[in-house]
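Participant: Got a predicted structure here, sequence first:
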Amino acid sequence: MSSPAPSTAIKEDASETSAGSEGVEAGRGALFIGFAKIYFMFTGSLQRFALPHLIGDAAGYGAFGVVNNLISIVNNTVVQATVPSISKFTAEDNRRTDAVKRAGLRMQVVVGGIPALIFLLGAPLIARFEKAPDYVGYFRIAAAIPFLYALYALFVGSANGLKRFRTQASFDVGFSTAKTILLLGLAVAWRVTGAFVGFAAAAVVILIVAARTMGLPRPKAQDEATISPWRLVGFMGAMVAYTLLLNVALNYDQPLLRRLAGDTADAYRAGLIAGHYDGLRTLALLPYQALLVITFVIFPLISRSTFVNDREATRLYINQTLRYALMLVAAMGVCLAARPGTLLAIVYPRDYGEGAAALPILVLGECCLAMLSVSCAILNAAGRAAAAIVLIAITVVAGIGAAYVLVPAAEPGPKMLMAAATATTIGTVAGFIGAIAYVRRGLGGGLPLASAVRVAISVGIAVAVGHFLPAHGKLLGLGVIAAVALVYVLGLLATGELGPADRAKLLRILRRR
């Protein structure tokens, strides 16, 4: 076989060097954003645990939950669509950072203003639909939050597009802190009303901080790179559609199970099944939540490399991202599936243990969903949002179709939980396989086959060890889970999947600049 031409070899070496330095930068970004997400989850848990005591009655806490959940649907969609949209066009060419901000600001006034007006003016109708006329005031206070979130997300997206990951993480930490202090502090004085006032006040504070840190868009310069506002609006529309479908994929299975269980079981038993399944989902979704960090970090890198048509750099980014994502998600998967009965006994009351056999199946499904979300983030960054939408739609349709076939045929109880978990997994596996095939064909990169085989071998050995090690009780069960994790890592080392180059890169990531 002839060796490559010198110019080709030099170009490939340069691409690998550039990808390597970008990889270290991305690794540091993952650490910053990962810490911010962990902090966000901690403060969110603190709010949920403390608020019922501060409000003082279950009805008041229920009112907060209803209004907050409806507001959160809008907030999550707006933020999850805005951040990648602003990031993509900023990362493509940072000379047009201010142009993107100006176009984005006009867009966000509409994107955030419409739902804000709906909640403000439609509060009586929404409260009437909930059969709770006393919620009107809460909806009107909370109406400001989607508008503030829309503007705040603009500056977060700008920071992400400029690869200012530390700044992005500081915004998340600052907002989480301000929200916890103000929401809980004002709830002490004014209960539910105070909680929403505190929520809105925290959004105002972080919006001001983010705007001052990232800067308001400057007047257009004569030589400034420009962007068509309609291009931004079009991509944002696609991201809204994708985000809505992704949230459906994340949440459809539990209410669908409750609906199908109600056809074969009485209302009480169907409610128990739905509750037990929701407990399984809380654990099984941990790998997905962990891989969210990777989607934030890879997005600006792929946006830039595809914009300048650097296919070699794009291929390297994709290969490395999917490889590391698979190693991480498999590590979490084997830990969650090693001793499902032990985990459920530690976290939940005893009756949740009827879902022990279903947990490993659901963990597999949600691990595939996590990998699918990373693949779709790559596609969105490359400007192929339509493909990402189709892949998520396939996931949802396949999962729902499988549920209608499997769940009604299962006996209420553990078998029905296994049927629901299997249906969900069928959908996510279908979406993941489609994503891997499309990414490889469309962008030239993908999950390296050798890496997939070595990770599968490591997982198989770890699962076998977990199956044969005796464990009785919670303490020994946790010991087995730790042993399984260790065996998995040793498997990666023994097969060469986690090699000297990976360890050197990790040290560079952890080392201070």
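Facilitator: Looks like it arrived, so ask away. Numbers count the residues shown, from 1 in each chain.
Participant: give the contact list for Leu256.
Facilitator: Ile400, Ala403, Val407, Ala420 (Cβ atoms under 8 Å, 6 or more residues apart in numbering). From N, CA and C alone the C-beta is placed, and that goes for glycine too.
Participant: next SSE after the helix or strand where it lies?
Facilitator: Element membership of Leu256 [criterion: DSSP states H and E] is helix 253-264. Remark: after helix 253-264, the chain's next helix or strand is helix 267-284, criterion DSSP H and E.
Participant: Determine the set of other helices and strands touching that following helix.
Facilitator: Applying 3 or more Cβ pairs under 8 Å, 6 or more residues apart in numbering; DSSP states H and E, one finds that helix 267-284 contacts helix 253-264, helix 340-347, helix 359-381, helix 414-443.
Participant: at 10 Å instead, please
Facilitator: Helices and strands touching helix 267-284, by 3 or more Cβ pairs under 10 Å, 6 or more residues apart in numbering; DSSP states H and E, are helix 253-264, helix 311-338, helix 340-347, helix 359-381, helix 414-443.
Participant: any idea which of those is most buried?
Facilitator: Comparing the helices and strands packed on helix 267-284 by mean neighbour count (mean count of other Cβ atoms under 10 Å), helix 359-381 ranks first with a mean of 26.
Participant: Pick out the least confidently modelled helix or strand of this protein, by mean pLDDT.
Facilitator: Ranking every helix and strand in the chain by mean pLDDT, DSSP states H and E puts helix 6-55 at the bottom, with a mean of 67.
Participant: returning to what we had before: quick check: helices, which of the contacts of Leu256 are part of them?
Facilitator: Members of those lying in helices (criterion: DSSP state H): Ile400, Ala403, Ala420.
Participant: and which of these is nearest to Ile433?
Facilitator: The nearest member of these to Ile433, counting by Cβ to Cβ, is Ile400 at 17.8 Å.
Participant: how many neighbours does that closest one have?
Facilitator: When counting by other Cβ atoms under 10 Å, one arrives at 17 neighbours for Ile400.
Participant: same question, Ala267
Facilitator: Close neighbours of Ala267, defined as other Cβ under 10 Å, add up to 10.
Participant: check contacts around it.
Facilitator: Residues in contact with Ala267 (Cβ atoms under 10 Å, 6 or more residues apart in numbering) are Arg258, Ala261.
Participant: Give the ranges of residues in this structure that sit below the confidence cut-off.
Facilitator: Applying pLDDT under 70 to the chain flags residues 1-30, 222-225, 471, 473, 506, 508-513.
Participant: Using PDB, write out every CA atom in whichever strand or helix holds Arg128.
Facilitator: Using DSSP H and E, Arg128 sits within helix 123-129. Taking C-alpha atoms only, helix 123-129 is exported to PDB below (Å, rounded to 0.1, in the frame of the first residue of the first chain):
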ATOM      1  CA  ALA A 123     -54.500  33.500  33.400                       C
ATOM      2  CA  PRO A 124     -58.300  33.400  34.200                       C
ATOM      3  CA  LEU A 125     -58.900  30.800  31.400                       C
ATOM      4  CA  ILE A 126     -56.000  28.700  32.400                       C
ATOM      5  CA  ALA A 127     -57.000  28.800  36.100                       C
ATOM      6  CA  ARG A 128     -60.600  27.900  35.100                       C
ATOM      7  CA  PHE A 129     -59.300  24.900  33.100                       C
END
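Participant: got the buried residues for it?
Facilitator: By 16 or more other Cβ atoms under 10 Å, the buried positions in helix 123-129 come out as Ala123, Ile126, Ala127.
Participant: can you put the ones in helices among the contacts of Leu256 in CSV and add distance to Leu328?
Facilitator: Output for the ones in helices among the contacts of Leu256, formatted as CSV (distance: Cβ to Cβ, whole Å):
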residue, distance to Leu328
Ile400, 28
Ala403, 28
Ala420, 26
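Participant: hang on, the earlier thing: mind putting the contacts of Leu256 into a markdown table with distance to Gly333?
Facilitator: Formatted as a markdown table, these follow (distance: Cβ to Cβ, whole Å):
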| residue | distance to Gly333 |
| --- | --- |
| Ile400 | 24 |
| Ala403 | 22 |
| Val407 | 23 |
| Ala420 | 19 |
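Participant: where do the strands sit along the stretch 151-300 of the chain?
Facilitator: Under the criterion DSSP state E, counting those that start in this stretch, the stretch 151-300 of the chain contains no strands.
Participant: And the helices in it?
Facilitator: Using DSSP state H, counting those that start in this stretch, the helices found in the stretch 151-300 of the chain span residues 165-214, 229-251, 253-264, 267-284, 286-307.
Participant: Pull the number of nearby residues for Met239.
Facilitator: Neighbour count of Met239, defined by other Cβ under 10 Å: 22.
Participant: One more: Leu475?
Facilitator: Neighbours of Leu475 under the rule other Cβ under 10 Å: 10.
Participant: angle of the strand or helix carrying it against helix 340-347?
Facilitator: Under the criterion of DSSP H and E, Leu475 resides in helix 474-495. Orientation check (axes from the mean of the first three to the mean of the last three Cα atoms, to 10 degrees): helix 474-495 against helix 340-347 gives 130 degrees.
Participant: Find the pair from the contacts of Leu256 with maximum spatial separation.
Facilitator: Ile400 and Ala420 (11.3 Å).
Participant: mind checking how far the closest residue in space to Ser451 that isn't next to it in sequence is from Gly445?
Facilitator: Distances taken as Cβ to Cβ, 6 or more residues apart in numbering put Arg323 closest to Ser451, at 4.7 Å, once the chain neighbours are dropped. Between Arg323 and Gly445 the distance is 10 Å, computed by Cβ to Cβ, to the nearest Å.
Participant: Same question for Ile71.
Facilitator: Ile71 is 39 Å from Gly445, where distance means Cβ to Cβ.
Participant: residues touching Pro217, list them.
Facilitator: Thr97, Asp98, Ala99, Val100, Lys101, Arg102, Ala103, Gly104, Leu105, Arg106, Leu154, Ser158.
Participant: for Ser85, same thing?
Facilitator: Contacts for Ser85 (Cβ under 10 Å, 6+ apart) come out as 100, 104, 107-108, 111, 153-154, 157, 161, 232-240, 380, 385.
Participant: Pull out the buried residues from those.
Facilitator: 100, 104, 107-108, 111, 153-154, 157, 161, 232-233, 235-236, 238-240, 380, 385.
Participant: ok so, going back, chain center to the helix holding Arg128: distance?
Facilitator: The chain centre lies 31 Å from the centre of helix 123-129; the measure is Cα atoms, centre = their mean, to the nearest Å.
Participant: cool, stretch 397-413 as well?
Facilitator: Computed by Cα atoms, centre = their mean, the chain-centroid distance of stretch 397-413 equals 26 Å.
Participant: now do stretch 426-436
Facilitator: Centroid displacement of stretch 426-436 relative to its chain, using Cα atoms, centre = their mean, is 17 Å.
Participant: Repeat that for stretch 54-73.
Facilitator: With Cα atoms, centre = their mean, you get 24 Å for stretch 54-73.
Participant: what's the answer for stretch 112-125, then?
Facilitator: Remark: stretch 112-125 is offset 27 Å from the chain centroid, using Cα atoms, centre = their mean.
Participant: swap in stretch 456-473?
Facilitator: Relative to its chain's centre, stretch 456-473 lies at 28 Å (Cα atoms, centre = their mean).
Participant: and what of stretch 412-423?
Facilitator: The mean C-alpha position of stretch 412-423 is separated from the chain mean by 25 Å, Cα atoms, centre = their mean.
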